[in-house]
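Undergrad: With the input below, show me the fold.
(3 chains)
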Amino acid sequence: MTYVLNLTINGAAQAIALDDPRVTLLDLLRERLHLTGAKKGCDRGQCGACTVLVDGRRINSCLTLAVSLDGVEITTIEGLAEGETLHPVQQAFIEHDGFQCGFCTPGQIMSAVGLIGEGQAGTDPERIREGMSGNICRCGAYHGIVEAVLDAQATFQDGVKRKTA
Amino acid sequence: MPDTLPFPPRMGSNAGQPLSRRDGPLKVTGAATFAADNHPEGMLYAVPATAAIARGRVTGMNVAAARAHPGVVEVYTPANRPPLMHDPDEKLGLFGMRMEALQNDSVRYAGQPIAFVVAETLEAATEGAALLAPEYAAEPARVTAETGERYTPERVGFGGPLSVGAGDIEAGLAAAAHRLETRFETPDQYHNAMEPHALVAQWDGDKLTLDTPNQAIVMACGLFAAYFGIPAENIHLRSPFLGGGFGSKAVPTGAQILTILAARELGRPVKLALTRQQMFGPVGHRARTWQTLRMGLDGAGKLTALHHHSTGATSSFDDFIEPAAAASRTLYASPAILTTHDGIRLDTGTPGAMRAPGEASGSAALEVAIDEAAEVCGMNPLAFRLANYAEVEPITGKPYSSKALRECYEAGAKAFGWASRPLAPRQMRDEAGMLTGWGMGTAVFHCPMFPASAEAVIRADGTAVIRTSGADMGQGAWTALAQIGAAALGLDPDQVEFESGHSHLPDAGVAGGSGHTASAGQALHNAGEDAVARLAELASTDPASPLYGTGNAGVLARRGRLYARDDESRSESYAEILARAGKPQVEGTGKGARDPASAETYALQAHGAVFAEVKVDPELGQMRVSRMIGAFAAGRIINPKLARSQYLGGMIWGLSFALHEEAIHDRRTGRIVNADFAGYHVPVNADVPEMEAIMIHEDDPHVNVLGVKGVGEIGITGSVGAVANAIWHATGFRPHRFPVRIEDVLPSLS
Amino acid sequence: MYANEYLTGEAELAEYVRPRSLEEALAIAGRGAKPLAGCTDLFPATDRPALGGALLDLTGVEGLSGITRTDRGWRIGAVTRWAEVAGAALPPAFDGLRAAAREVGAIQIQNAGTVGGNLCNASPAADGVPPLLTLDARVELASAAGRREMALAEFVTGPRRTALAEGEILTAVIVPEPAGRGAFLKLGARSSLVISIVMAAGRIDVAGGRVAEAAFSVGACSPVAVRLPALEAALAGLPVAEAADRVEAGLVVPALSALSDLRAEAGYRAEASVVLIRRLVAGLTGGAA
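TA: Numbers count the residues shown, from 1 in each chain, chains lettered A, B, ... in the order given. From the prediction side, this is the model:
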């Protein structure tokens, strides 16, 4: 049986025919659509390397059946920058050395974008650490990650203030 | 040579500057291509089936069911596995290990590959492997010290000596005012790089392209080639990014060999990506140790004897004994020091090098033992360490090439506020009532170098390209090595293109042992200097050049120009020199390796001091590290931004060693029961407190021409002891096994 | 997916169906399809991608999601995600449930995992169960044959076992209008993203300086999370200042059948339960432990 999904991925609407209902969103992105930014670190929702946004919410794409996502909007790491202009979270990760090997980085960044969107973390590093704890970094770049999230969040808030001023 | 001053004499370079990673934009946009991200046309997926027993034989598998599953293309078992040109049970070279490539039906550890399914989709291959439903003739698993076979290995680590020492231990103990014997256990730990091992193999005739993360790219080609009877040059191994290595991605493993074999047999590219669970067994680990330290102390708190013995676990079929006792060879002065090892064979995969092999486990034990010795002597742990400070390397009597450990102690203690630490344990509580303790540990790591080579080309437009097969697994090789190359070339890093990360480049050696920056960096430095010398030769012999007659030793290279050393008004740009000479480029080559004379003369070690604060819930026994400060002296720092990340990452590994990591075997089945990230705990962001890494500069003209010692592994070494000693200071309980468990601490609290 | 044809019972059951109406869902469930929602437990529980027969995805069923106030109290739809619970405007009695919601895995899990899934999965360490027990929650079950309701305490019958009948679906959790304030504490070996060693939930209603009503529960300690009636009875009527001191092992431990496993020994779990309960009582009565 073929399952047809209508998805919007990084702003582009697509109809996807799936021959196999077992395919996870992560495997759909990586193996069938060749959007390989999201990474498979555990395939069990225990590491966060596969984090993407579904309708703005961060989720583990390795736990999500692709067939269940008909009609949703998905943002992956590939959809964050606008052309050559990096998203503020991406820029902040570079500036604060928020990664080493880079494998968990797409998941960390999507999780950070989700976290900032949730608007719950504030400027307390402890809350940021809690909010970023679904994303394991084996290299141990956690300090740079927390600094980057705080910095990017401040950039957003400045932007919001300027817009509303 | 134009300039033989020690590195970095050149002005205008960015070496030593905290540049951001050059691969940063690729990594934050998802554009960095890791091995499993490759999708050559027509690619198949491979999934190994793994053993559910730890010892015995596979007596049957439902191969027919797997083959019948839609999408399954081929199922390999020992019955039909095509021949290899090298026996997987024969070791290849110093770093080669015995592996499982379906050579027979025996099972040597749980998680061993016992069949290999290749299919059109990942889902079909996974399902095919599950359908095999193997049956076994199982023998009792030997996964405990009691059931394993004790033996005396020939070597420890990679060819290291079993026993090293000097002086008379028994006499030292006999003469001591205090004697102390203390035992430690460290657990099995698994590297668990975030990127599971992966490989995409494509054959074109007898040429092979491999996309696979590898820490020793050129060496690995030789190893892979041996199994297929092709010249190493026929393999193009591409490893632009490694999603972490930590020692587990240097040598081929069985599943990788089978993937290459399947690609050849089936005439299509094949991709393998291990699951997280499959990382627990066939790709190495840090094995358990059982360590004993015997110490004698005189009335002034000086060591009279130090005997460190470590029993290391290895597999039933290969040897890698953790050189844990080696940590005691170089750190503290004692008239008698003895470091010895033996082994226990268990039904596990073969262990291997994992971030700070030897020192991590060894210094965990040593640093706790040293704290116990300080306690016996009634001394502050820092004062005790200073009283036993090794001014020269104890066993050899060699001077250190440089050793700013005293400065590390001072800077770390000051930043931490160590001076106000009460001597006795259980004296401090925080405002929430948590028992609070402060502990310290000394960090140490040796400074190996591996033979490396590089080339540098200055091009007609005055820019350059430098080449070496370096491996960036997160330590920042793409950036730091480029900075070194650019400095040698007298160019800004933006002017230098860096080709790295594949095997059709000069051999950069091994990215391991914290030696990559020193080794490949020295090769690049020499290559850059060589290219500049050739350019200087062109200018100084050209009557039309303002540098005519300077001789190539009479020029300085800076910002893309050569200057006369004695008259800087005479200068010419690289582009001008090449244009007039009518040459498209000049090429230089260089090598990096340890100078045997300096290794003979000097003890070469990096050092550091780590201070930790731990809070313990007095009712629940929960332990949290609340603060950590490390001060490290590792020669010259090429890029402080990246070095800081290496130090902090190492310290987090130390925290993890002390409190979290442990693979637990089911004694009955021999299986690891916590073989995933839910069960095998590594720290998450919320486990990691405020941390600081202080860098103490060392000018070291002896360690190598760059003065670089290496920063990748030292951070873990002092940190384990610092956390354990802080737990003691908080609770009065002295940890002797890692990770420290709640149930260990609890009795001391009630 | 369109599922209308399943209502007639004529179509062959596909491997995956995502109906829009409960009627369709019940028809499909009646034919043996396995219900699922957030999928956060589906893959970790299996080593193979075969989904073990037909799957019935409930996340598209109208009326199964969201939290509403009814004349019988609060109704939490079965496929309400934990993140929605954490962020919902609910009375203080739900504070424990909201705190537990924030402890379900990581936020990525809370954004997918559902209340109903957590209950039906029936893990002894399910974060949602203890606070719901203290809220006297009931579950609403439906099948093609009809609907029924039962106390949550009766619904979870053992580790990974529930009272769900073949073809039956959990449609909602019903919480009678609760009084007082709730709280939740979780103890794990890691600071976050961790399976509990022990967790405890409590709810206390204070009137006139005394404990008017107390409800306490411990999870991850026993095969099934349990209420602590002896403790609740002992606390009832006490002046709030004396409540925390009244917590003692004898009122807590006998109610538990503490387990030993990889994560902790039974003895530690029992001791830690008492500590957590005392801290909950202290927090809910405004005193220090």
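
Undergrad: Not counting residues beside it along the chain, what's closest to the residue in chain A that chain C sits nearest to?
TA: Relative to chain C, the nearest point of chain A is residue A:134 (2.3 Å; Cβ to the nearest Cβ). For the C-beta atoms, the positions are set from N, CA and C on the backbone; glycine is no exception. If the residues on either side of it in the chain are set aside, residue A:134 comes closest to residue C:106, at 2.3 Å by Cβ to Cβ, 6 or more residues apart in numbering or on different chains.

Undergrad: same thing with residue B:532?
TA: residue B:557 (4.7 Å).

Undergrad: Check which helices and strands the helix or strand harbouring the one you found sits against.
TA: Taking DSSP states H and E as the criterion, residue B:557 maps to strand B:555-558. For strand B:555-558, the packing partners by 3 or more Cβ pairs under 8 Å, 6 or more residues apart in numbering or on different chains; DSSP states H and E come out as helix B:516-540, strand B:561-564.

Undergrad: ok, for the spatially most central residue of chain A, nearest residue in space, not its chain neighbours?
TA: By Cα atoms, centre = their mean, the mean C-alpha position of chain A lies nearest to residue A:110, the distance being 2.1 Å. Nearest non-adjacent residue to residue A:110, counting by Cβ to Cβ, 6+ apart: residue A:51, 4.5 Å away.

Undergrad: Is that neighbour in contact with residue C:108, as I believe?
TA: Yes - in this structure residue A:51 lies within contact range of residue C:108 using Cβ atoms under 8 Å: 5.7 Å.

Undergrad: Of the two, give the one with the bigger neighbour count.
TA: Of the pair residue A:51 and residue C:108, residue A:51 is the one with more neighbours under other Cβ atoms under 10 Å in any protein chain shown, namely 33 against 30.

Undergrad: on that earlier part again, so what's in contact with residue A:51 and residue C:108 at the same time?
TA: Taking Cβ atoms under 8 Å, 6 or more residues apart in numbering or on different chains as the criterion, residue A:51 and residue C:108 both touch A:58, A:59, A:60, A:111, A:134.

Undergrad: Which of those residues fall in strands?
TA: A:58, A:59, A:60 (DSSP state E).

Undergrad: In JSON lines: those residues, plus neighbour count, pLDDT and distance to chain B.
TA: Formatted as JSON lines, these follow (neighbours: other Cβ atoms under 10 Å in any protein chain shown; pLDDT from 0 to 100; distance: Cβ to the nearest Cβ, whole Å):
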{"residue": "A:58", "neighbour count": "30", "pLDDT": "98", "distance to chain B": "14"}
{"residue": "A:59", "neighbour count": "33", "pLDDT": "97", "distance to chain B": "17"}
{"residue": "A:60", "neighbour count": "34", "pLDDT": "97", "distance to chain B": "12"}
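
Undergrad: May I see those residues organised as a markdown table, with distance to chain C added?
TA: Formatted as a markdown table, those follow (distance: Cβ to the nearest Cβ, whole Å):
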| residue | distance to chain C |
| --- | --- |
| A:58 | 5 |
| A:59 | 5 |
| A:60 | 5 |
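
Undergrad: quick one, strands of chain A?
TA: Going by DSSP E, chain A shows strands at A:3-9, A:12-18, A:51-54, A:57-60, A:73-75.

Undergrad: Give me the buried positions along the shortest one.
TA: For strand A:73-75, the buried set under the neighbour-count rule, 16 or more other Cβ atoms under 10 Å in any protein chain shown, comprises A:74, A:75.

Undergrad: quick one: it to chain centroid distance?
TA: Distance of strand A:73-75 from its chain centroid, counting by Cα atoms, centre = their mean, to the nearest Å, is 10 Å.

Undergrad: contacts for that strand?
TA: Outside strand A:73-75, the residues that reach it (Cβ under 8 Å, 6+ apart) are A:7-10, A:25, A:29, A:52-56, A:110, A:113.

Undergrad: hmm, back to that, wouldn't the residue nearest to residue A:134 be in contact with residue A:129 here?
TA: No - using Cβ under 8 Å, residue C:106 is not in contact with residue A:129; the gap is 11.9 Å.

Undergrad: neighbour-wise, which of the two wins?
TA: Shown here are residue C:106 and residue A:129; by other Cβ under 10 Å, residue C:106 has more neighbours (29 against 23).

Undergrad: which residues touch the more buried one?
TA: A:48, A:133, A:134, A:135, C:192, C:193.

Undergrad: Surely the second one is in contact with residue B:682?
TA: No - with contacts counted by Cβ under 8 Å, residue A:133 stays clear of residue B:682, the gap being 11.8 Å.

Undergrad: Please say which of those two ends up with more neighbours.
TA: residue A:133 (25 against 22).

Undergrad: Could you pull up phi and psi at the more buried one?
TA: The phi/psi pair for residue A:133 (degrees, to the nearest 10) reads phi -80, psi 0.

Undergrad: who touches both of residue C:106 and residue A:129?
TA: residue C:192.

Undergrad: helix/strand/coil for residue B:415?
TA: What DSSP: H, G, I helix; E, B strand; the rest coil gives for residue B:415 is helix.

Undergrad: ok, it to residue A:140 distance?
TA: 20 Å (Cβ to Cβ, to the nearest Å).

Undergrad: Compare neighbour counts for those two and give me the winner.
TA: Comparing residue B:415 with residue A:140 by other Cβ under 10 Å, the one with more neighbours is residue A:140, at 28 against 14.

Undergrad: wait, that one sits on residue B:652?
TA: Yes - counting by Cβ under 8 Å, residue A:140 does reach residue B:652; the two are 3.5 Å apart.

Undergrad: Next to chain B, which bits of the stretch 151-289 of chain C? Give me the list.
TA: Selection of the stretch 151-289 of chain C residues close to chain B by Cβ under 8 Å from any Cβ of the partner chain yields C:187, C:189-195, C:262, C:264-265, C:268, C:272, C:275.

Undergrad: Can you select the buried ones from those residues in ChimeraX?
TA: Buried subset of those, written as a ChimeraX selection, criterion 16+ other Cβ under 10 Å:
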select /C:187,189,190,191,192,193,194,195,264,265,268,272,275
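
Undergrad: Give me the subset of the residues of the stretch 151-289 of chain C next to chain B that lies in helices.
TA: C:268, C:272, C:275 (DSSP state H).

Undergrad: so what's residue B:191 up against?
TA: Residue B:191 touches B:244, B:245, B:246, B:247, B:248, B:279, B:283, B:284, B:285, B:286, B:354, B:355, counting by Cβ under 8 Å, 6+ apart.

Undergrad: Could you tell me which residues make contact with the residue in the stretch 151-289 of chain C positioned nearest to chain A?
TA: Nearest to chain A in the stretch 151-289 of chain C, going by Cβ to the nearest Cβ, is residue C:192, at a distance of 3.4 Å. Taking Cβ under 8 Å, 6+ apart, we find residue C:192 in contact with A:129, A:130, A:133, A:134, B:684, B:685, B:686, B:687, C:106.

Undergrad: Distance from the chain centre to the longest helix anywhere in chain A, please.
TA: In chain A, with assignment by DSSP H, the single longest helix is helix A:142-164. Chain-centre distance of helix A:142-164: 16 Å, with Cα atoms, centre = their mean.

Undergrad: Can you tell me what sits against it?
TA: Contacts with helix A:142-164, where a contact means Cβ under 8 Å, 6+ apart, come from A:88-89, A:91-93, A:95-99, A:108, A:112, A:115-116, A:121, A:123, A:125, A:128-129, A:132, A:135, A:137, B:645, B:648, B:652, B:683, B:685, B:688, B:691.
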